[in-house]
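Student: fold the following for me, if possible:
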Amino acid sequence: MPPKFRKSSKLIIAIDGPAGSGKSSTAKVLAARLGLPYIDTGAMYRAVTLEAMRRKISFENTSDLVRLASEIEIRFGVMKKDTQKVYVNGKDVTKANRTPELTKNVVYVAREPKIRSEMVKKQRLMGRKEGAVMDGRDIGTVVFPKTPYKFYFDADPKLRARRRYKELLEAGKRVPMSQVLREIEERDRSDRERKQGALRVAKGAMVLDTTGLTIEATIDRILAALKGVL
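Tutor: Here you go, the predicted structure:
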């Protein structure tokens, strides 16, 4: 295991990639290793989706969804082991934020440009406060395009589906593997085709195929790329 690096003030490490590519799992460990906050931007879009579902706001009602995205307070707890709590308006929504139903609906929120603009504002405020390891779909292209520390993860779709399937089983949710793979492929298409914040490799990003890599092996490659700046 590599040694723990000292905390670097306001350092932004951007990790982008499709669902199930290992972004969150790796980013959590990396953030702890570097002594930086971890920000899961995908959880922020999920939080807006969850609150919209709870308030019974139609996903076709763009104006109400944008207003919700603007007003909602999203906060992340301190990392404990590999878990980080998510709070919406002061309430713990960590478990509710990962249900299969919500996963199906988050695409309607994530593809709306005005909602993405509101989330980017919040993400920039979070990152500029203390620095961060931040993962999502558009961190290196939109949120912090000027950070020199950009990484793009990818992996075989079937492997990504198996990772997601395992997460669901651990959360007590039983969903057919074929359905998980189909949803992964549909989310990939939506992420790449949306008008704002589309999933793509940021200029200057280091591309990592995590298909055959463990989390530690992935972190080793990132730390090797960061040597000399930490």
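Student: the helices in the chain, which residues?
Tutor: Secondary structure of the chain (DSSP state H): helices at 23-34, 41-54, 62-71, 100-110, 113-130, 157-170, 177-193, 215-226.
Student: so which of the ones you listed is nearest residue 86?
Tutor: helix 41-54 (5.1 Å; CB to CB). In short, each C-beta sits where N, CA and C put it, glycine included.
Student: for that closest one, packing partners?
Tutor: helix 62-71, strand 74-76, strand 86-88, helix 100-110, helix 113-130, strand 132-136 (3 or more CB pairs under 8 Å, 6 or more residues apart in numbering; DSSP states H and E).
Student: tell me which residues in it are buried?
Tutor: By 16 or more other CB atoms under 10 Å, the buried positions in helix 41-54 come out as 41-53.
Student: any chance of TSV for those residues, columns pLDDT and distance to residue 98?
Tutor: Converted to TSV, those look like this (pLDDT from 0 to 100; distance: CB to CB, whole Å):
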residue	pLDDT	distance to residue 98
41	94	15
42	91	10
43	94	9
44	96	13
45	96	13
46	96	7
47	97	11
48	98	14
49	98	11
50	98	10
51	97	15
52	98	16
53	97	13
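Student: right, so the helices and strands packed on helix 41-54: which one is the most enclosed?
Tutor: strand 132-136 (a mean of 28; mean count of other CB atoms under 10 Å).
Student: sheet partners, orientation included, of that strand?
Tutor: Strand 132-136 sits in its sheet next to strand 12-16 (parallel), strand 38-40 (parallel), going by DSSP bridges.
Student: ok now it, how far from the chain's centre?
Tutor: In terms of CA atoms, centre = their mean, to the nearest Å, the centre of strand 132-136 is found 7 Å from the chain centre.
Student: tell me the mean pLDDT over it?
Tutor: Throughout strand 132-136, pLDDT has a mean value of 95.
Student: beta-bridge partners for residue 91, please?
Tutor: Beta-bridge partners of residue 91, as defined by DSSP bridges: residue 88.
Student: ok, back up a step: reformat the buried residues of helix 41-54 as a markdown table; add distance to residue 120.
Tutor: Listed next are those as a markdown table, based on distance: CB to CB, whole Å:
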| residue | distance to residue 120 |
| --- | --- |
| 41 | 9 |
| 42 | 13 |
| 43 | 15 |
| 44 | 10 |
| 45 | 11 |
| 46 | 16 |
| 47 | 15 |
| 48 | 13 |
| 49 | 17 |
| 50 | 19 |
| 51 | 18 |
| 52 | 18 |
| 53 | 22 |
